[in-house]
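# Pasted the sequence and its predicted model underneath.
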Amino acid sequence: MSKEQLLKAIIGLGLSQVDAEVYIFLAKMGPQKGRNIADALKLYKQQLYRSLRNLQGKGLASATCEHPAQFSAVSIERVIDMFIKVKTEEAQTLQETREDFLSAWRSLIKKDRRSS
């Protein structure tokens, strides 16, 4: 699998292009300081730190407490497991609300037909 294919696959898991690039860089290179990441990926610091916050918020990256902080990616296995869990919960919620949704839909269709 090429880097481009891997990037597309990770974007398909719900990350933005920049977030996916930062994640791959960290996973490949190990713990890094923000400046090193920004320089290597040619990102503005604002872009980078927004992406790092997104990744941390999703549990996909962590930071040390030292200054300057070093950022690390969680394992790809953990990322896949997290996204499987989210998608499974979404599917379960959809399954649980299926009948309510269909009932509301049928009611809406009947009203539209009567008023035509």
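Yep, it's here.

# State the mean pLDDT of the strand or helix carrying residue 96.
Per DSSP states H and E: residue 96 is located in helix 76-115. The average pLDDT for helix 76-115 rounds to 85.

# Show me which residues of that helix are buried.
76, 79, 82, 83 (16 or more other CB atoms under 10 Å). (Each C-beta comes from the backbone N, C-alpha and C, glycine too.)

# measure residue 18 to residue 97 for me?
According to CB to CB, to the nearest Å, residue 18 and residue 97 sit 33 Å apart.

# for residue 105, same thing?
For residue 105, the distance to residue 97 equals 12 Å [CB to CB].

# ditto for residue 87
Distance, residue 87 to residue 97, by CB to CB: 16 Å.

# Taking helix 76-115 as reference, get the angle to the helix or strand containing residue 4.
Per DSSP H and E, residue 4 falls inside helix 3-12. Helix 3-12 runs at 50 degrees relative to helix 76-115, counting by axes from the mean of the first three to the mean of the last three CA atoms, to 10 degrees.

# for helix 3-12, packing partners?
Counting by 3 or more CB pairs under 8 Å, 6 or more residues apart in numbering; DSSP states H and E, the packing neighbours recorded for helix 3-12 are helix 17-29.

# average model confidence for the helix it packs on?
For helix 17-29, the mean per-residue pLDDT is 95.

# mind giving me the domain ranges of this protein?
Domains of the chain are assigned by automatic domain parsing as 1-74, 75-116.

# Surely residue 20 touches residue 11?
Yes - if you go by CB atoms under 8 Å, residue 20 and residue 11 touch, sitting 5.0 Å apart.

# Looking at those two, which has the bigger crowd around it?
Neighbour count, other CB atoms under 10 Å: between residue 20 and residue 11, residue 20 has more, with 22 against 14.

# Name the nearest residue to that one, sequence neighbours excluded.
Using CB to CB, 6 or more residues apart in numbering and skipping the chain neighbours, the partner closest in space to residue 20 is residue 10 (4.2 Å).

# wouldn't the one you found be in contact with residue 24 here?
Yes - if you go by CB under 8 Å, residue 10 and residue 24 touch, sitting 6.8 Å apart.
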